[in-house]
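S.K.: Make a model of this:
(one chain, ligands or ions: 1)
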Amino acid sequence: MLKSIAVMTSGGDSPGMNAATRAVVRTALHAGVEVWGIHNGYHGLLDEEMFRMESKDVGDIIQRGGTFLGTARCKRFSTPEGRMLGYKNLVDRGIQGLVVIGGDGSLRGASILSEETGIPIVGLPGTIDNDVWGSEYTIGCDTAANTIIDAINKLRDTASAHRRVIVLEVMGRSSGWLAMTAGISGGAEYILVPEEEYDLDEICDDMKASYEKGKRYILVVVAEGAGKGYDIGKYISERAGLDTRVSKLGHIQRGGSPSVIDRVKASQLGEHAALAIISGLSDIVFGFDRGHVVSINLHDAVTNKKKLNPEFMRLAKILA
Ligand code: F6P
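M.R.: You can find the predicted model right below:
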């Protein structure tokens, strides 16, 4: 059994990271294990921004978006020298295992660190993109999808008032999960995702025909990995001759108080991560499969590409 562990958040922040950190810290303390918090992701690991944590350090954070530990995207950690320095900083403090909460890039870094140094590492999928292989859920994706739906609801009002086409670009990096989920639940007419080819000319012809039949307005949700909202909007306006406006939601969709789902699931994952790392397990990521917490091999999680559920794509077309 490990006597001292550390926890950090890394990469893009996501709502629910605080709930996960809180669960890791309180579960470990409950088991009598020392816990260190690392500020600002791998940057903080290299720059020795670490502190011993007590239960009160994670008080009053479950309701907050972002990550109170801070996070970063760290180039230095992608070098073997950087990773060795990080390892040394852990060993110097007697830290025997590390919990990393982050997206696929952060988990990839964690996997290499464990491979090179042998230090036990357990990962938790923390990203709004919901793109970590092996898990149907990542911490923050639910809150982000709800933020997008809120935007869609508002855009509908103005689109309908003006008989406009509105194109909404959302995040997701190379994944269409956020666009697809928010698009289906927001009732979008077209959902463009990187996982599926689309023909913009065909879409324009289809839109024109719909307007001729009396449709008042059209909503298009574009995943950032499927194209730039502004280019798509310009094309629709020129080719279909329809009054078109574009919105890009940007970092608004990364913030906000986490949803109930994100708080509860993040707490469950945090508990599992703490218990696993304490008992000496390593190279696993905890995620969800069919509603249950499952452990996924860390190497598999970072080397495989998660696919978008084909049922979503089919459903989106039927309902549009
Ligand atoms: O991975 C989360 C994410 O929000 C992506 O959806 C987006 O492409 C990226 O991070 C933006 O990163 P940054 O905040 O560094 O601009």
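
S.K.: Now do the end-to-end distance for stretch 190-197.
M.R.: End-to-end distance of stretch 190-197 (Cα to Cα, to the nearest Å): 13 Å.

S.K.: Now it: buried residues?
M.R.: Buried residues in stretch 190-197, counting neighbours by 16 or more other Cβ atoms under 10 Å, are found at 190, 191, 192, 193, 194, 195, 196. For every residue, glycine as well, the C-beta is placed using N, CA and C.

S.K.: what's the second one sitting at in phi/psi?
M.R.: In this entry, residue 191 is assigned phi and psi values of phi -130, psi 110 (degrees, to the nearest 10).

S.K.: So residue 219 versus the ligand, what's the distance?
M.R.: Counting by Cβ to the nearest ligand atom, to the nearest Å, the gap from residue 219 to the ligand is 20 Å.

S.K.: so who does that residue touch?
M.R.: 152, 155, 156, 159, 165, 166, 168, 186, 187, 188, 189, 190 (Cβ atoms under 8 Å, 6 or more residues apart in numbering).

S.K.: Restricted to buried residues, select these in PyMOL.
M.R.: Burial among the contacts of residue 219 is assessed by 16+ other Cβ under 10 Å; the matching PyMOL selection reads:
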select buried, resi 152+155+156+159+165+166+168+186+188+189+190
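
S.K.: Residue 259 touches residue 149, doesn't it?
M.R.: No. Residue 259 lies out of contact with residue 149 (Cβ atoms under 8 Å); the separation is 11.1 Å.

S.K.: circling back to that earlier point, which one of the contacts of residue 219 is nearest residue 145?
M.R.: Taking Cβ to Cβ as the measure, residue 145 lies nearest residue 186 of these, at 9.3 Å.

S.K.: circling back: with distance to the ligand, secondary structure and pLDDT as added columns, please give the contacts of residue 219 in a markdown table.
M.R.: Listed next are these as a markdown table, based on distance: Cβ to the nearest ligand atom, whole Å; DSSP: H, G, I helix; E, B strand; the rest coil; pLDDT from 0 to 100:
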| residue | distance to the ligand | secondary structure | pLDDT |
| --- | --- | --- | --- |
| 152 | 17 | helix | 98 |
| 155 | 19 | helix | 98 |
| 156 | 23 | helix | 96 |
| 159 | 24 | helix | 98 |
| 165 | 24 | strand | 98 |
| 166 | 21 | strand | 98 |
| 168 | 14 | strand | 98 |
| 186 | 18 | helix | 96 |
| 187 | 23 | coil | 96 |
| 188 | 18 | coil | 97 |
| 189 | 23 | coil | 96 |
| 190 | 20 | strand | 97 |
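
S.K.: Looking at the contacts of residue 219, which is nearest residue 41?
M.R.: Among these, and counting by Cβ to Cβ, the member closest to residue 41 is residue 168, at 29.7 Å.

S.K.: quick one: secondary structure of residue 302?
M.R.: The local conformation at residue 302, judged by DSSP: H, G, I helix; E, B strand; the rest coil, is helix.

S.K.: I'd like to know how many residues surround the spatially closest residue to it that is not a sequence neighbour.
M.R.: Leaving aside its sequence neighbours, residue 302 sits nearest to residue 108 (Cβ to Cβ, 6 or more residues apart in numbering; 4.3 Å). The local packing of residue 108 (other Cβ atoms under 10 Å) involves 19 other residues.

S.K.: tell me which element residue 108 is part of?
M.R.: Residue 108 is part of helix 104-117, with elements assigned from DSSP states H and E.

S.K.: Quick one: check that helix for contact with the ligand.
M.R.: No. Helix 104-117 stays clear of the ligand (Cβ under 6 Å from any ligand atom), getting no nearer than 8.0 Å.

S.K.: Now do the buried residues in that helix.
M.R.: 104, 105, 106, 107, 108, 109, 110, 111, 112, 113, 114, 117.

S.K.: Next, the closest residue in space to the fourth one that isn't next to it in sequence: secondary structure please.
M.R.: Meaning residue 107. Nearest residue to residue 107 in three dimensions, chain neighbours excluded: residue 123, at 4.5 Å (Cβ to Cβ, 6+ apart). Recorded secondary structure, residue 123: strand (three-state DSSP).

S.K.: ok, what's across the strand from residue 123?
M.R.: Beta-bridge partners recorded for residue 123 (DSSP bridges): residue 100, residue 285.

S.K.: quick one: it and residue 284 touch, right?
M.R.: Yes. Using Cβ under 8 Å, residue 123 is in contact with residue 284, at 7.3 Å.
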